[in-house]
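*Asks:* This is a predicted model, with the sequence first.
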Amino acid sequence: MQVQVQMELSPEVDKLAKQWLEWDTNEETRREINNLVEQGKQDELIKRLCSRIAFGTAGLRGVMQAGFACMNDLTVIQASQGLCKYLKKTFNDADTRGVVIGYDSRHHSKEFAEWAAATFISQGVKVYLFSRLVPTPFVSYAAPFLKCVAGIMVTASHNPKDDNGYKVYWDNGCQINTPHDKGISACIVENLKPWGVDKSSLLQPGNMLEDPIEKVSSSYFTQLSEKYCHHKEENKKSKEKIIYTPMHGVGAEWATKAFSAFQLPEYIPVPKQISPDPEFPTVSFPNPEEKGALNLAIEEANKEGAKYVVATDPDADRLAIAEKLVDGTWKTFTGNETGAILASWTWSNYKSSHSSVDPSKCVMINSTVSSKFLKAFAQKEGFRYDETLTGFKWIGGLAEQRTREGYHFIFGFEEAIGFLVGDLCWDKDGIRAAAIVSELALHLYRNGQTIYSYLDSLYQQYGYFITNNRYFFCYDPVKLERIFNAIRNYKNTNDYPSSCGPYRIRFIRDLTTGYDNEQPDKKAILPISKSTQMITFTFENGCVATLRGSGTEPKLKYYIELGGKNPEEVKTELDSMGSAIIDTCLCP
């Protein structure tokens with residue numbers, strides 16, 4: 001198709017537009033670029049064509065639009081070509097072991113998954129392609145279960161509806177990490193020209209293409225029940241009502257199976273949210289963490305006379321819970337609170353079923369921006385505690401490593417409602433967590449307790465840890481970097497601030513530069529990333545505050561936590577510190 005240029009474009013943009021139209025076979029995205037060219041929209045074309053969507057440790061994630069910088073058929077094909085070449089170069093048995101591919105309920109997820117599958121089959125690589133919607137953790141589980149060299153999940157998790165993503169797991173079921181991300185990225189750049197794959201002819205059932213849905217789900221739920229259900233007989237007798245919402249995502253079918261595996265009462269669905277819908281029509285953001293996201297579920301609970309709500313995000317790898325308190329109000333638990341609850345429950349169950357285990361050979365893990373409750377809990381109970389960078393590529397990767405070293409991995413979490421119970425797979429899992437925390441809820445109710453009272457009893461024993469976590473939208477990466485550089489050069493002193501208001505800073509860790517003055521050599525122990533902004537202050541009073549740029553969203557996030565014995569005193573001091581930290585670090 002010839003492009004009729006109505007307004008003059010720069011030679012570079014004109015060349016890239018013609019290249020796009022030569023390579024792209026999707027009529028809708030071809031039309032987008034063609035229209036922009038005809039209208040002379042050079043700025044928009046520069047934004048879409050003059051940079052590539054980055055392949056990092058989260059794979060790909062971006063808005064679904066035409067252009068090399070976005071998620072679309074062509075960039076998925078290019079990513080699949082590069083990944084295929086890298087895997088064949090890395091594994092001499094990649095063809096026979098194959099890859100497993102899943103997809104969520106977002107717009108174009110199935111088509112992207114099919115393009116990935118066809119690309120691999122075209123090079124003689126076996127593909128296990130799920131025939132229907134699956135949770136993200138299923139791909140993490142399936143990769144080692146099927147002995148694949150890699151797994152691909154097409155999802156953007158809880159991002160806005162116009163986004164999608166391409167998440168890659170290694171053969172052990174862990175999210176890819178350095179150096180594989182860089183190796184894959186290099187192979188993508190070396191294989192940008194489409195191979196001319198005929199998708200429809202290649203995606204025929206046969207030796208090269210297999211649907212693993214039945215064998216994977218059967219194994220997953222069998223192991224889930226055998227390893228993590230501890231009160232099946234009591235669960236059978238319960239008359240408690242449980243409200244569940246999958247937030248318009250993939251979770252309903254699989255939550256049903258998980259509840260059945262635990263012999264829990266059938267959940268009561270939230271009717272307007274139970275079916276997959278890529279428009280996410282009832283929520284502003286399809287994230288159970290967002291304020292108001294559980295409103296419909298709570299309305300349903302009030303109507304049904306239920307006091308417990310459980311929710312998973314659209315790809316069912318995150319979990320949120322809420323409970324009706326004795327005064328009639330509802331408490332939505334934060335990720336840190338649910339993390340504390342699950343840490344105690346999983347540890348109690350593990351000890352009771354492994355009475356001879358040495359606690360020092362057990363380990364729990366959370367991210368550096370998550371609650372230090374887990375550290376205090378570990379110190380009192382005697383098991384190992386590890387801290388990682390943010391994200392389950394780090395938590396899951398370290399959990400798998402510790403298991404190879406002979407430790408018993410019990411539990412890991414991060415404050416963004418991600419929970420990993422045991423070694424079923426090495427990524428956060430909302431389906432697994434939903435069944436486990438629901439069994440806990442029923443156990444507590446049978447014994448005259450509530451989830452809230454259970455949490456309070458933990459705080460009384462191990463200390464009250466109160467957090468103040470917020471974020472600001474920051475759409476300009478240059479501005480974000482400028483904010484952090486100003487902290488490093490506080491008031492033109494070429495140094496970090498020594499205090500925030502009246503609160504003295506004891507230690508400073510900068511995982512962008514690698515500086516950590518808590519270490520004798522002032523070098524950070526945790527991995528550093530020059531492309532990611534992250535600074536942590538530890539104050540004289542024990543407060544820990546971290547500021548960081550999000551890796552997947554246009555946000556500047558901050559996390560502030562303080563622990564102590566008196567919750568009112570802790571909260572008062574934390575509020576004061578939050579204002580001081582913002583005034584010092586984020587105000588011009």
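*Replies:* Looks like it came in fine.

*Asks:* Pull the contacting residues for Pro160.
*Replies:* Applying C-beta atoms under 8 Å, 6 or more residues apart in numbering to Pro160 gives the contacts Phe285, Pro286. Bear in mind the C-beta positions are built from the backbone N, C-alpha and C, glycine included.

*Asks:* Would you verify that it is located in a helix?
*Replies:* No - with DSSP: H, G, I helix; E, B strand; the rest coil as the criterion, Pro160 is assigned coil and is not in a helix.

*Asks:* That one and Arg61: what is the separation?
*Replies:* Pro160 sits 11 Å away from Arg61, going by C-beta to C-beta, to the nearest Å.

*Asks:* cool, Lys110 as well?
*Replies:* For Lys110, the distance to Arg61 equals 17 Å [C-beta to C-beta].

*Asks:* now Leu87
*Replies:* Distance from Leu87 to Arg61, counting by C-beta to C-beta: 21 Å.

*Asks:* just Ile242 next, same as before
*Replies:* As judged by C-beta to C-beta, Ile242 and Arg61 stand 32 Å apart.

*Asks:* try Pro265
*Replies:* Counting by C-beta to C-beta, the separation of Pro265 from Arg61 is 37 Å.

*Asks:* Next up, identify which helix or strand Phe409 is on.
*Replies:* Using DSSP states H and E, Phe409 falls within strand 408-414.

*Asks:* That strand - contacts with which helices or strands?
*Replies:* If you count contacts as 3 or more C-beta pairs under 8 Å, 6 or more residues apart in numbering; DSSP states H and E, strand 408-414 packs onto helix 335-353, strand 362-367, helix 392-404, strand 418-421.

*Asks:* what sits up against that strand?
*Replies:* Here strand 408-414 makes contact (C-beta under 8 Å, 6+ apart) with 335, 338-339, 342-343, 346-347, 350, 354, 357, 361-367, 369-370, 374, 383, 390-392, 395-396, 399-400, 402-403, 419-423, 428.

*Asks:* same thing with stretch 248-260?
*Replies:* For stretch 248-260, the surrounding residues in contact (C-beta under 8 Å, 6+ apart) are 104-105, 133-135, 138, 217, 221, 224, 242, 244, 246, 265-267, 269, 273-283, 286, 312-316, 430-432, 434-435, 438.

*Asks:* Which ones among these map onto strands?
*Replies:* Ile242, Tyr244, Pro269, Thr312 (DSSP state E).

*Asks:* Could I have the buried ones of the residues you listed as PyMOL selection syntax?
*Replies:* The buried residues among the ones in strands among the contacts of stretch 248-260 can be selected in PyMOL (16 or more other C-beta atoms under 10 Å) with this line:
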select buried, resi 242+244+269+312
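
*Asks:* In the ones in strands among the contacts of stretch 248-260, find the pair that's most separated.
*Replies:* Spatial extent of the ones in strands among the contacts of stretch 248-260 (C-beta to C-beta) is set by the pair Ile242 and Thr312 at 13.0 Å.

*Asks:* where does the stretch 251-400 of the chain dip in pLDDT?
*Replies:* Low-confidence segments of the stretch 251-400 of the chain, defined by pLDDT under 70: none present.

*Asks:* give me phi/psi at Tyr128?
*Replies:* The main-chain torsion angles of Tyr128 are listed as degrees, to the nearest 10 and equal phi -100, psi 100.

*Asks:* My read is that it contacts Asp211, right?
*Replies:* Yes - assessed by C-beta atoms under 8 Å, Tyr128 is found in contact with Asp211 at 7.4 Å.

*Asks:* Settle it for me: which of those two has more neighbours?
*Replies:* With neighbours defined as other C-beta atoms under 10 Å, Tyr128 and Asp211 compare such that Tyr128 has more, 24 against 13.

*Asks:* So what sits opposite the more buried one in the bridge?
*Replies:* With DSSP bridges as the criterion, Tyr128 is bridged to Val100, Glu210.

*Asks:* can you pull the contacts of it?
*Replies:* Going by C-beta under 8 Å, 6+ apart, Tyr128 touches Gly98, Val99, Val100, Ile101, Ala142, Leu146, Cys148, Glu210, Asp211, Pro212.

*Asks:* out of these, which one sits closest to Gly67?
*Replies:* Among those, and counting by C-beta to C-beta, the member closest to Gly67 is Ile101, at 23.8 Å.

*Asks:* Could you measure from that closest one over to Glu253?
*Replies:* Distance, Ile101 to Glu253, by C-beta to C-beta: 18 Å.

*Asks:* picking up where we left off before, from the contacts of stretch 248-260, which would you call buried?
*Replies:* By 16+ other C-beta under 10 Å, those give 104-105, 133-135, 138, 217, 221, 224, 242, 244, 246, 265, 267, 269, 273-274, 276-278, 280, 282-283, 286, 312-316, 430-432, 434-435, 438 as buried.

*Asks:* Please narrow these to those residing in helices.
*Replies:* Phe138, Ser217, Phe221, Leu224, Gly430, Ile431, Arg432, Ala434, Ala435, Ser438 (DSSP state H).

*Asks:* Please report the distance of Tyr559 from Val369.
*Replies:* 4 Å.

*Asks:* Same question for Gly196.
*Replies:* For Gly196, the distance to Val369 (C-beta to C-beta) stands at 45 Å.

*Asks:* which of those two has more neighbours?
*Replies:* Neighbour tally, Gly196 and Val369, criterion other C-beta under 10 Å: the higher count belongs to Val369, 26 against 9.

*Asks:* Is that one in a helix, a strand, or coil?
*Replies:* Applying three-state DSSP: Val369 is coil.

*Asks:* check contacts around it.
*Replies:* Counting by C-beta under 8 Å, 6+ apart, Val369 makes contact with Thr390, Glu414, Glu415, Asn469, Thr546, Arg548, Lys557, Tyr559.

*Asks:* So for stretch 511-529, mean pLDDT?
*Replies:* Computed over stretch 511-529, the mean pLDDT rounds to 94.

*Asks:* Same question for stretch 559-577.
*Replies:* The average pLDDT for stretch 559-577 rounds to 95.

*Asks:* repeat for stretch 482-490
*Replies:* On average, the pLDDT along stretch 482-490 is 95.

*Asks:* which residues sit against it?
*Replies:* 474, 495-497, 510, 512-513, 533, 535, 547, 549, 556, 584-586.

*Asks:* ok, 10 Å please
*Replies:* Residues outside stretch 482-490 that contact it (C-beta atoms under 10 Å, 6 or more residues apart in numbering) are 472, 474, 476, 492, 494-498, 508, 510, 512-513, 515, 533-535, 537, 547-549, 556, 584-586, 588.

*Asks:* Just to be sure, which of the residues you listed are found in helices?
*Replies:* Among those, the members found in helices (DSSP H) are Thr584, Cys585.

*Asks:* Show the contacting residues for Leu294.
*Replies:* 243, 245, 247, 270, 283, 288, 300-301, 309-311, 320-322, 330, 332.

*Asks:* What distance do you get for it to Glu28?
*Replies:* 35 Å.

*Asks:* Which helix or which strand is home to Ala306?
*Replies:* Ala306 is part of no helix or strand when elements are defined by DSSP H and E.

*Asks:* which non-adjacent residue is nearest it?
*Replies:* Closest residue to Ala306 apart from its sequence neighbours, by C-beta to C-beta, 6 or more residues apart in numbering: Lys241 at 3.7 Å.

*Asks:* same thing with Asn302?
*Replies:* Nearest non-adjacent residue to Asn302 (C-beta to C-beta, 6+ apart): Lys324, at 7.9 Å.

*Asks:* Run a quick neighbour tally on the one you found.
*Replies:* Lys324 is flanked by 19 other residues according to other C-beta under 10 Å.
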